[in-house]
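[1] sharing a model prediction with you, sequence too.
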Amino acid sequence: MQKWIMSGLFFAACAFAVILMFTLPGKEQVAEQNNPTMPTVKADPAKAEATVKANCITCHGDQLQGGVGPNLQKEGSEHTAEQIYSIVTKGRGQMPSFNDKLAPEEIANIAMWLSEKK
Ligand code: HEC
């Protein structure tokens, strides 16, 4: 009788482990969240400017001269497009995350646009 209980518990534990294996985020998913990969998009400077005007200038200033957030006029000397993509996607400090406000392609486009400002 005891043996049945033990093996029952053993199988339940195994089943639980298998479920965990499939539901816990894999290493790659976690890496993706910490360091999102920038999609390749065709640069569209006019659209980038419009997106930045609509989303960023309240904090970074209408000439990107800075305000609540830092000056972005020479952002390309500070960060690469990939780094800017990551900062805008995830947010950092007082800077909000734009993960659910902008499409990855839109963020990639403004990241490329900003990275050219040197
Ligand atoms: C609510 C205010 C706010 C908004 C809106 C905002 N930012 Fe920021 N941003 C900040 C702050 C504050 C920082 C400094 C973060 C820190 O201290 O790490 C920052 C930092 C940054 C940086 C890093 C600058 C550096 O050289 O370290 C980039 C790039 C940036 N923002 C881009 C953007 C873009 C692009 C948008 C629009 C999609 C945007 N931000 C919208 C407040 C804002």
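    Thanks, I have the structure now.

[2] what parts of this protein come near the ligand?
    Contact residues (CB under 6 Å from any ligand atom) of the chain with the ligand: 52, 55-56, 58-60, 68-70, 72, 75, 78-79, 84, 87-88, 92-96, 98, 110, 114. C-betas here are computed from N, CA, C, even on glycine.

[3] contact partners of stretch 102-111?
    36, 38-41, 43-44, 47-48, 51-52, 55-56, 81-82, 84-85, 88-89, 98 (CB atoms under 8 Å, 6 or more residues apart in numbering).

[4] show me the shaky parts of this structure.
    Within the chain, the stretches with pLDDT under 70 are 1, 14, 25, 27-33.

[5] find the centremost residue of it, please.
    The centroid of the chain falls nearest to T89 when counting by CA atoms, centre = their mean (3.3 Å).

[6] can you tell me the element it falls in?
    helix 81-90 (DSSP states H and E).

[7] I'd like the next helix or strand past that helix.
    Using DSSP H and E, the helix or strand that directly follows helix 81-90 along the chain is helix 104-115.

[8] give the buried residues for that next one.
    Neighbour-count burial for helix 104-115, counted by 16 or more other CB atoms under 10 Å, picks out P104, E106, I107, A108, N109, I110, A111, M112, W113, L114, S115.
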